[in-house]
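Peer 1: sequence first, then the predicted structure, then my questions.
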Amino acid sequence: CCAFTGRHEVIQQVILESLGCGTNVRWMLCGSTPEDGEFIRLVSNQTGIVAGFTCENETLGRKWQSCMVRAGEVFDAASYGIVGSDDFVSRRLLDHVSSTVEVAEMAPDLICTLEWMVWLRQREHPLSPNIFRCNYAADSAFQPLGAGRFYGRAFLERCNFRIFDSRLNRLLDDRGFEEIRDRGGSVVYFSI
């Protein structure tokens, strides 16, 4: 799942990267502008692995939540990943997650990476490189953040795919992890 406005080049690169996976990856995209809608149609026609729609950009929590619910309705998958519009996800990561959830009864409720790559526009940080490596130590992380978070379908069905607070524009990573914690779910961290 990816909710976005703009950043089409980065999203397209990540989708093309996922075509090289040994697993069956599908993408649910949620944009907000007519250009985003056209991008969704274009990349869907090019790859055959993309579905999507557009909606208002406010609130971001509602936009992300809509994307998750639609993904659950359209795709019957063992796990559902969250990928921000500025996040890079490699085919190796996707293959690793797929092999981790092969036995659904033993799959964790949440699989998340300890590090990920993020693209930043140069005008936002003109003296910095475009790609940053983000990471945190598992023993100091209070909750998983960023790209590379994959929720198991069984867990998502237990909470009706509600892992985002639709009222919020920020702190969007919180609710999903709180649901996992409150329901006594299992979390597995891994390194890329």
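Peer 2: On my side now, so go ahead.
Peer 1: where does Cys2 fall, phi/psi-wise?
Peer 2: Note on Cys2: backbone dihedrals following degrees, to the nearest 10 are phi -140, psi 120.
Peer 1: next one: Asn57
Peer 2: On the backbone of Asn57 - angles per degrees, to the nearest 10 - the values are phi -80, psi -10.
Peer 1: per-residue confidence at it?
Peer 2: pLDDT recorded at Asn57 is 93.
Peer 1: hmm, it is touching Ser32, no?
Peer 2: Yes: in terms of CB atoms under 8 Å, Asn57 counts as a neighbour of Ser32; the distance is 4.0 Å. Every C-beta, even on glycine, is put in place using the N, C-alpha and C of the backbone.
Peer 1: so what sits opposite the residue nearest the centre of the chain in the bridge?
Peer 2: For the chain, Ile82 is the residue whose C-alpha lies nearest the centre (CA atoms, centre = their mean; 1.3 Å). Here Ile82 sits in beta bridges with Arg149, going by DSSP bridges.
Peer 1: so who does it touch?
Peer 2: By CB atoms under 8 Å, 6 or more residues apart in numbering, the contact set of Ile82 is 1-2, 64, 147, 149-151, 176.
Peer 1: number of nearby residues for Asn45?
Peer 2: 9 (other CB atoms under 10 Å).
Peer 1: tell me the secondary structure for it?
Peer 2: helix (DSSP: H, G, I helix; E, B strand; the rest coil).
Peer 1: and the gap between it and Phe39?
Peer 2: In this view, Asn45 and Phe39 are 11 Å apart by CB to CB, to the nearest Å.
Peer 1: could you do Cys21 as well?
Peer 2: With the distance defined as CB to CB, Cys21 ends up 21 Å from Phe39.
Peer 1: more crowded one of the two?
Peer 2: Phe39 (23 against 17).
Peer 1: quick one: contacts of the host helix or strand of the more buried one?
Peer 2: Element membership for Phe39 (DSSP states H and E) is helix 34-47. Residues outside helix 34-47 that contact it (CB under 8 Å, 6+ apart): 4-6, 8, 11-12, 15-16, 19, 29, 31, 50-54.
Peer 1: ok, back up a step: can you pull the residues that touch both of Asn57 and Ser32?
Peer 2: By CB under 8 Å, 6+ apart, the residues touching both Asn57 and Ser32 are 5, 63.
Peer 1: and for Asp36, the neighbour number?
Peer 2: For Asp36, the tally of surrounding residues (other CB under 10 Å) stands at 25.
Peer 1: the one 4 residues further on too?
Peer 2: Burial of Ile40 is recorded as 23 neighbouring residues (other CB under 10 Å).
Peer 1: could you check how far it is from Ser32?
Peer 2: On the measure of CB to CB, Ile40 and Ser32 end up 11 Å apart.
Peer 1: kindly report the same for Glu56.
Peer 2: From Glu56 to Ser32 the distance is 7 Å (CB to CB).
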